[in-house]
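Asker: Please find the sequence and the predicted model below.
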Amino acid sequence: MTKQENPSVTAAHRRPFDERFGAGKKLRDAVSRESLAEFSVGDRDPIAIFDETNKGRLPSLIPIRRQRMSQSPFAFLRGAAALMAVDLARQPSPGINLQACGDCHLMNFGAFLSPEGNALFDINDFDESLPDVDFTADLKRLAASFAVAALAAGDSEKSARRIAKNVALAYSERMAKLARLSPLEAWQSRINLTQEGEGLFDADLAKKLRLAAAQKPADRQEDANFPHIARDAATGAWRIKDNPPLIYHVPEKEDPSIHVDIPAVFTGVVDTLAPEIATLLARYKLADSAFKVVGVGSVGTYCAIGLFVTTDGDPLFLQIKEALPSAMERLHVKPWQGQQGARVVSGQRIMQAATDLFLGWTTDSASGRQFYVRHLKNRRLGSIAELLETKALPQYATLCGRTLARAHARSADAATIWGYMGRNEVFADAIASFAMLYAAQNKKDFAAFVAAEGETASSGQARAARPA
């Protein structure tokens, strides 16, 4: 294992509360809160940055990534974490560094069950997570994603700005509460979905959340995104059902340049699991594996699933996801020096309240591709984020803002962040103004991307039409 120390926690974080709060407040002298409202696009080519992020991805899947990002300005924002990192690198920041999510947008939050069976709400994607990143990077991307979503839903600019401001206000208010807790209390705090929902959403929506959290595990067949399994009629072996183009078995004559020894990768991850989890996994045996296309920004990376079963046929799905260098490195922060899968796992363990038992990392020796491994769960609570986004976007913004504050307080000093933000709404207003400016820029970048895709398609059709 290659370790890289998380530099977010320093001796300064062990000073008395008043000193830490005052240190944050003093940072306003160098970088005013009002300056965070500014946005200058600078000289950059969004198409060139997109093409750069395709390096190392599977060529056959890049068209799917292009198609998904071409669907809407919000879909483009989801896939353009690297572009936003380039833009954020040019903006002022106070320098309060922590473990960042990296790709912090509203669809990368969700509900899930903790090992104890509690319905929690948390960040659920850490592919771009990186230490030593200013806290405003995550917050600006999250607020901008709500501004883009609100405008796409037909809201006025005034309403979209108010929703973006909700993110920053909720973040600030929750950070103020966390600042008064001991480090252990702040670390152990969680966002309980039903408890938060009672005071945040209307009675009907809060009831739906309670019912969803109380349901028994759903039949896997009800989740079209979850792999289905069946027994081979001839051998009796358990197999993953193909569901192309999203789930399919890798061809036997796979291109050697992209071949990954999936069984060996799953075997290798055992060395990075806690001993008790390795003992648990030993009760299962890998029965089958298949490729699984995921996400928007992740499309094109090598992602696969493994079906593990007991001798009695009890199934367990694990997923491997290729980990590339974080898009946040474009913020000119210190690059991660170790295994990229370890970076993702480290970020998730730091930021998430109840972490996946099977989180680990491994490398395919032949291709050199680096992976992290996680438990692939039936998305029984996965639709809750979509429900809240469509039915209660302003309240959902508040929920995500609170959640991000909880995650950030695990690696940074809440009192320092609160000292910088202050007790009034100056900070929140600045973040909201930035979000609206960035939403406008994202719309322009999306139009340029779609136009470039159209030109690429037209030239491809023209080449195909030429006589041989």
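Answerer: Noted; the coordinates are in hand. Residues are numbered from 1 along each chain as shown.

Asker: what residue ranges in this structure score low on pLDDT?
Answerer: Scanning the chain for pLDDT under 70 picks out 1-13, 215-224, 252-257, 378-383, 456-468.

Asker: Can you tell me the centre-most residue of it?
Answerer: Nearest residue to the geometric centre of the chain (CA atoms, centre = their mean): D125, 2.7 Å.

Asker: Give the closest residue to it in space, chain neighbours not counted.
Answerer: N108 (4.0 Å; CB to CB, 6 or more residues apart in numbering). Every residue, glycine included, has its C-beta placed from N, CA and C.

Asker: so K443 makes contact with P73?
Answerer: Yes: in terms of CB atoms under 8 Å, K443 counts as a neighbour of P73; the distance is 5.3 Å.

Asker: and the residue nearest to the centre of the chain, helix, strand or coil?
Answerer: coil (DSSP: H, G, I helix; E, B strand; the rest coil).

Asker: Repeat that for G95.
Answerer: Under three-state DSSP, the three-state class of G95 is coil.

Asker: again, but for the one 4 residues further on
Answerer: Classification of Q99 by three-state DSSP places it in strand.

Asker: Hmm, F135 and it touching each other?
Answerer: No: counting by CB under 8 Å, Q99 sits too far from F135 to count as a contact (9.8 Å).

Asker: intersection of neighbour lists for these two?
Answerer: Each of H408, A412 lies in contact with both Q99 and F135 under the rule CB atoms under 8 Å, 6 or more residues apart in numbering.

Asker: Would you mind writing the CA trace of stretch 316-326 as CSV?
Answerer: Only the C-alpha atoms of stretch 316-326 are listed here, as CSV (Å, rounded to 0.1, in the frame of the first residue of the first chain):
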residue,chain,number,x,y,z
LEU,A,316,-23.2,-10.9,-3.5
PHE,A,317,-22.2,-8.4,-6.2
LEU,A,318,-19.0,-6.5,-6.0
GLN,A,319,-18.0,-3.8,-8.5
ILE,A,320,-14.6,-2.7,-9.7
LYS,A,321,-14.3,0.8,-11.1
GLU,A,322,-11.2,2.2,-12.7
ALA,A,323,-9.7,5.1,-10.9
LEU,A,324,-8.0,7.8,-13.0
PRO,A,325,-6.1,10.8,-11.6
SER,A,326,-8.6,13.2,-10.0
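
Asker: Please point out which parts of that stretch sit buried.
Answerer: Within stretch 316-326, the residues that count as buried by 16 or more other CB atoms under 10 Å are L316, F317, L318, Q319, I320, K321, E322, A323, L324, S326.

Asker: just stretch 55-74 next, same as before
Answerer: Of the residues in stretch 55-74, those buried (16+ other CB under 10 Å) are R57, L58, L61, I64, R65, R66, R68, M69, S70, P73, F74.

Asker: now swap in stretch 285-295 and tell me
Answerer: Neighbour count says stretch 285-295 has L286, A287, D288, S289, A290, F291, K292, V293, V294, G295 buried, by 16+ other CB under 10 Å.

Asker: again with stretch 108-120
Answerer: Neighbour count says stretch 108-120 has N108, F109, G110, A111, F112, L113, N118, A119, L120 buried, by 16+ other CB under 10 Å.

Asker: Could you give the separation of stretch 287-303 from the chain centroid?
Answerer: Relative to its parent chain, stretch 287-303 has a centroid offset of 15 Å by CA atoms, centre = their mean, to the nearest Å.

Asker: Compute the first-to-last residue distance for it.
Answerer: Using CA to CA, to the nearest Å, one end of stretch 287-303 lies 17 Å from the other.

Asker: Can you convert the buried residues of stretch 316-326 into TSV and add a column each for distance to A234 and secondary structure?
Answerer: What follows is the buried residues of stretch 316-326, written out as TSV (distance: CB to CB, whole Å; DSSP: H, G, I helix; E, B strand; the rest coil):
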residue	distance to A234	secondary structure
L316	24	strand
F317	23	strand
L318	26	strand
Q319	28	strand
I320	28	strand
K321	32	strand
E322	33	strand
A323	37	coil
L324	40	coil
S326	45	coil
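
Asker: Show me the two of the residues you listed that sit farthest apart.
Answerer: L316 and S326 (28.9 Å; CB to CB).

Asker: D312 belongs to a strand?
Answerer: No: D312 is assigned coil when assessed by three-state DSSP, not a strand.

Asker: what separates it from Y284, distance-wise?
Answerer: Between D312 and Y284 the computed distance is 11 Å (CB to CB, to the nearest Å).

Asker: And Y396, by the same measure?
Answerer: Taking CB to CB, one finds Y396 at 37 Å from Y284.

Asker: got it, and R44?
Answerer: For R44, the distance to Y284 - CB to CB - is 47 Å.

Asker: Just want to know which of those two has more residues nearby.
Answerer: Taking other CB atoms under 10 Å, R44 and Y284 do not tie; Y284 has more neighbours (17 against 13).

Asker: For the more buried one, which non-adjacent residue is closest in space?
Answerer: Y284's closest residue in space is F308 (CB to CB, 6+ apart), at 3.7 Å.

Asker: Also Q99?
Answerer: Using CB to CB, 6+ apart, the nearest residue to Q99 is S411, at 3.9 Å.

Asker: neighbours around the one you found, how many?
Answerer: The local packing of S411 (other CB under 10 Å) involves 22 other residues.

Asker: hang on, isn't it packed against M351?
Answerer: Yes: counting by CB under 8 Å, S411 touches M351, with 7.2 Å between them.
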